[in-house]
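# Sequence and predicted structure below; questions after.
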Amino acid sequence: MELTLEELNKTIMEMRTKGYLTEALKLADQGLLVALESNNYPYAMDLYYQKILVHHSLGDTLSMVSLIHEYEAICQDYGTTKDLMQYHLVMSLIYDLVGIREKTVEMTKKSIAYAQELQDPIMLVRCHNNLCYLEVEKGCTKEALQAGLLAREYNKSLARTMPDLAKLHDIRINNNLADVYILEGDFITGKALLDRTLSSDIIHHHKREKVAALFGYGFLFEKQQKLEEAVFYYKQAIDLAQSYGDKPITKKVMRLLLNVLYQLDWRDEIFDVQREYIDLSEKMSVANLLQQVMNLEFKRQKEKLEKKAHYDPLTGVLNRHFLDYELQEWLNAAEITQSYVCITVLDVDYFKLFNDTHGHLFGDMILQLLANSLKDFLQDEDVEIIRYGGDEFILCLRHSQKDYIKTLVHNTHAYLLSLKLEQEQQSYPLRVSMGACVNNQKNYQYKELFEQADSCLYQAKANGRASCVLYELS
């Protein structure tokens, strides 16, 4: 299955590179369904990313926004540095389309930072070229030129391994750099770059890039005060963008066309374009789209606050909020299904000595190692991991079989005893004591289960530490 998804992912990227967007979208839909059904989250994130980029190439902003929340949620739970890099790129595209410029730049720079960390050639090209475009929009030609030339250098490296993709990136870079040179008044260089775009042997497969070049010609002639020629190219750009339904670009070029028509005082054409522009604005429901993106931003900030309230910032596991406000519901669900429940209390032996000897930062690393190891070892189990306070953690386990829970508790303890913190060429083994109480499918009261588990922890300490004591309610 993974091999199939890997091949599918590569095929979709190749189809995007060649401009077969509709076919790529269909394959991405099929692949995403398979990846989600099989809980294959690494490929699911890649396929979400691919789908959103296809929708961007098609000018379908609404579809991009509709996918972003699911994509973001999986990235937060399972994402690697690569996934976060791609996520920030996607968000920069969405913020750009709705005109939130500061967030666009912020997300682009974050994606560049990740790309530099990973030395990802594709993303280094794309992100620096995007930054070139953003600096052009701000009128910062010096910064735009620097970003565009950097993108070109990275693209030379990319051409050695992925020549087809590099050829497409070359078109995009030339389009953006052309705008820079036109703004600087270097019309010859700007035109030469646009000529290279339209003479490319792949441009007929990439309508969005061709629209950008036609727009570039319109911009070039407008700056030279050759207004009738500017009208011709702006109209060509609009016709092509409309042919594949790219409303954001159509609207952008219409606005520039109107500016030129006002200078020419072509009143009949002004009236026609204005009417089209108003109709398009109504169809796009820009306010609604912007509201969706702002709702997404609000939801993200709300989730950050909730996470801060519910999760321990040092270890990333739940804090006592879960015990106070959510555990009883968790226990009620176990009672309804007649699952066995085990409350486990554990702590690090001689933790204070670690702090006193090596410092509190060292102690923090011990706690992070313990928490991350618990999350990894128990990732497939029905368990909640809570930092109770200091070096003490609580595990709340559910399962239909008592023997399974008992074995899991002992295996977890054995696994924790195998952990070592490697620091400054020295190895520090972890010693952990654990007390656990398994219920009898009758008692689902946390207080009684916890008190018994806590008593077992003290017994484990009395037994010489680094041991596990488990009690079964009869």
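Structure's in. What do you need?

# neighbours of Leu134, just the number please.
Neighbour count for Leu134, taken as other CB atoms under 10 Å: 21. C-beta here means a position set from N, CA and C on the backbone, and glycine is covered the same way.

# so His128 sits in a helix?
Yes - according to DSSP: H, G, I helix; E, B strand; the rest coil, His128 belongs to a helix.

# From here on, call the first residue 21.
With 21 as the first residue, the last one maps to His148.

# That one contacts Leu165, doesn't it?
No - in this structure, His148 is not within contact of Leu165 by CB atoms under 8 Å, at 11.5 Å.

# Helix or strand: which one has the residue nearest the centre of the chain?
Relative to the mean C-alpha position of the chain, the nearest C-alpha, by CA atoms, centre = their mean, is the one of Tyr107, at 2.8 Å. When elements are defined using DSSP states H and E, Tyr107 is found to belong to helix 101-117.

# Next SSE downstream of that helix?
helix 121-138.

# how big is the angle separating that following helix from helix 101-117?
Compare the direction of helix 121-138 with that of helix 101-117 by axes from the mean of the first three to the mean of the last three CA atoms, to 10 degrees and you get 160 degrees.

# Could you export helix 121-138 as CSV, CA atoms only?
Coordinates of the C-alpha atoms in helix 121-138 are reproduced here as CSV (Å, rounded to 0.1, in the frame of the first residue of the first chain):
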residue,chain,number,x,y,z
ARG,A,121,-0.2,40.8,3.0
GLU,A,122,1.6,40.7,6.4
LYS,A,123,0.5,37.1,7.0
THR,A,124,1.5,36.1,3.5
VAL,A,125,5.1,37.4,4.1
GLU,A,126,5.2,35.8,7.6
MET,A,127,4.2,32.4,6.2
THR,A,128,6.6,32.6,3.3
LYS,A,129,9.5,33.4,5.5
LYS,A,130,8.6,30.6,7.8
SER,A,131,8.6,28.1,4.9
ILE,A,132,11.9,29.5,3.8
ALA,A,133,13.4,28.9,7.3
TYR,A,134,12.2,25.2,7.2
ALA,A,135,13.5,24.8,3.6
GLN,A,136,16.9,26.1,4.6
GLU,A,137,17.0,23.7,7.6
LEU,A,138,16.1,20.8,5.3
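
# buried residues in that helix?
Buried residues in helix 121-138, counted by 16 or more other CB atoms under 10 Å: Lys123, Thr124, Val125, Met127, Thr128, Lys130, Ser131, Ile132, Tyr134, Ala135.

# same check, this time on stretch 436-444
So stretch 436-444, judged by 16+ other CB under 10 Å, has buried residues Leu436, Leu439, Leu441.

# coming back round to it: just send the buried residues of helix 121-138 back as a markdown table, with distance to Glu173 and pLDDT too.
Output for the buried residues of helix 121-138, formatted as a markdown table (distance: CB to CB, whole Å; pLDDT from 0 to 100):
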| residue | distance to Glu173 | pLDDT |
| --- | --- | --- |
| Lys123 | 27 | 88 |
| Thr124 | 23 | 91 |
| Val125 | 21 | 91 |
| Met127 | 23 | 92 |
| Thr128 | 18 | 94 |
| Lys130 | 21 | 91 |
| Ser131 | 18 | 93 |
| Ile132 | 14 | 93 |
| Tyr134 | 19 | 91 |
| Ala135 | 14 | 93 |
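
# Columns distance to Gln446 on top of these, output as TSV?
Putting the buried residues of helix 121-138 into TSV (distance: CB to CB, whole Å) gives the following:
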residue	distance to Gln446
Lys123	45
Thr124	47
Val125	44
Met127	41
Thr128	42
Lys130	36
Ser131	37
Ile132	37
Tyr134	32
Ala135	35
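
# before we move on, which element is the nearest residue to Thr270 once chain neighbours are set aside in?
Computed as CB to CB, 6 or more residues apart in numbering, the closest residue to Thr270 that is not its neighbour in sequence is Ala261, at 4.4 Å. Here Ala261, judged by DSSP H and E, is contained in helix 247-263.

# which residues in the stretch 371-494 of the chain form helices?
371-378, 380-397, 422-437, 466-482 (DSSP state H, counting those that start in this stretch).

# The third one to helix 466-482, inter-axis angle?
Just to be clear, that refers to helix 422-437. Orientation check (the same axes, to 10 degrees): helix 422-437 against helix 466-482 gives 50 degrees.

# same question, the first one
Computed with the same axes, to 10 degrees, the direction of helix 371-378 lies at 60 degrees from that of helix 466-482.

# List the buried residues for helix 371-378?
Under the neighbour-count criterion of 16+ other CB under 10 Å, helix 371-378 has Phe371, Phe374, Asn375, His378 buried.
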